[in-house]
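Peer 1: Predicted structure and sequence below. I'll ask about it afterward.
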Amino acid sequence: MTVQFSPLESYRDTFSFRNSAFAIERFPFPFIEDSYMYSVNIEPARAKESGSVYQHWFDIDEHYRSEMAERALVLDKDPSRYLVMPHMQEAAWDALQMFMEHLSADYPQWFELSCNGDRWHWRNKALDIDQVFSFGDASTLPCEPLEFITRQVQGDIALLDQRDGDLFMDAGMVTNPADWSLAFDAGMSFKQWHSPVPMANQMGIFERALKHLLNIQVDQPVRRLNWTLTINPRLDSSSETFHEWGAERGSVTADNVGQLVHLRVELQFMARLPRSNGLMFSIRTYLISMNELVSHPGWGCRLHRVLRDLPDPIADYKGMTRYRQTLVEWLSRFDTQS
């Protein structure tokens, strides 16, 4: 797939983000049924059809330059969105290598990597980066290795240390989370950082998911979809910035719901890091407004039924309680059998 980048868009203030027709067509709509309940829903991350978000390990799309500009804005304001504990240095280099090798192989028109022993040459033509460095020597890079590469990759990244039969969030670059915080979750175990999720623990979801993740092998990554709703195409809906976006939930009306409310889907990708034995947890976020979503046949109807019948604890956890009924009524016009 040849990627064509959009002009720079804003995920704040003017909210100029928009999806092209192609981006809408390839959007990872997460519902295969007319209802939703938590499940493990992990599958092997095998390549699917050309042009889809599942074609490559790491998806680069039309919003790439805009998302990288947004990441830089967040980091300038709050450097704590990036964190690497001392014992995760090897995992950071693991991640850098994984990204560089896959991006250069999958998007050669934008990324190039050449290696001569430990001397590596990386070119990112999309962002005008040309860097020669010594692999394993952070002093030869303009910043730490994980920061260097994740400033060039769409989506949030957590590196998980595997020990004592559990996974611990000990490194990451998280600038566009859905109401959580890397600084708060750093050092937590898998079950600890998932503890706020209602109903799933009683169903044993996370216990089964953890067992599956602990057994991921090198070159056998897995993936899953997660979803929520957000007001405006705001990528940085972190806990730290709740004061900036929390009140927006009360601004939804029958007249603006199609423009303001966005379905936010996370393509979560998990791969074993070969040297460190850590686990990369990539969270690639896709946004689509309700007006854009209903332009795709069948999606408005299905989303109407999912949200109409969604258990109240899940709706409340996902932050949609204040405008849920307004949205359901608006979507009902696209459900001819409701």
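Peer 2: Yes, it's here.
Peer 1: quick one: contacts of stretch 45-60?
Peer 2: When contacts are defined by C-beta atoms under 8 Å, 6 or more residues apart in numbering, stretch 45-60 is touched by residues 1, 3, 26-28, 61, 98-99, 102-103, 106-107, 110, 153-155, 221-223, 267, 269-271, 282, 284, 286. C-beta here means a position set from N, CA and C on the backbone, and glycine is covered the same way.
Peer 1: What subset of these is buried?
Peer 2: Neighbour-count burial within the contacts of stretch 45-60 applies to 1, 26-28, 61, 98-99, 102-103, 106-107, 110, 153-155, 221-223, 267, 269-271, 282, 284, 286; the criterion is 16 or more other C-beta atoms under 10 Å.
Peer 1: Tell me which helix or strand in this structure has the weakest average pLDDT.
Peer 2: Across the helices and strands of the chain, mean confidence by mean pLDDT, DSSP states H and E is lowest for helix 190-193: a mean of 85.
Peer 1: and that helix, what other elements does it pack with?
Peer 2: strand 166-173, helix 205-214 (3 or more C-beta pairs under 8 Å, 6 or more residues apart in numbering; DSSP states H and E).
Peer 1: what's the most buried one of these?
Peer 2: Comparing the helices and strands packed on helix 190-193 by mean neighbour count (mean count of other C-beta atoms under 10 Å), strand 166-173 ranks first with a mean of 23.
Peer 1: tell me the angle it makes with helix 205-214.
Peer 2: Comparing the axes of strand 166-173 and helix 205-214 via axes from the mean of the first three to the mean of the last three C-alpha atoms, to 10 degrees yields an angle of 80 degrees.
Peer 1: Render the CA-only coordinates of strand 166-173 in CSV, please.
Peer 2: What follows is strand 166-173 as a C-alpha-only set of coordinates in CSV (Å, rounded to 0.1, in the frame of the first residue of the first chain):
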residue,chain,number,x,y,z
ASP,A,166,2.9,-11.7,35.5
LEU,A,167,3.5,-8.6,33.2
PHE,A,168,4.5,-5.2,34.6
MET,A,169,4.2,-1.9,32.8
ASP,A,170,7.8,-0.7,33.2
ALA,A,171,8.4,1.4,30.1
GLY,A,172,6.3,3.2,27.5
MET,A,173,5.4,6.2,25.3
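Peer 1: Now tell me what touches that strand from outside.
Peer 2: With contacts defined as C-beta under 8 Å, 6+ apart, strand 166-173 is touched by 71, 81-85, 87-88, 91-92, 146-147, 150-151, 156-162, 182, 185-191, 193, 210, 213-214, 279.
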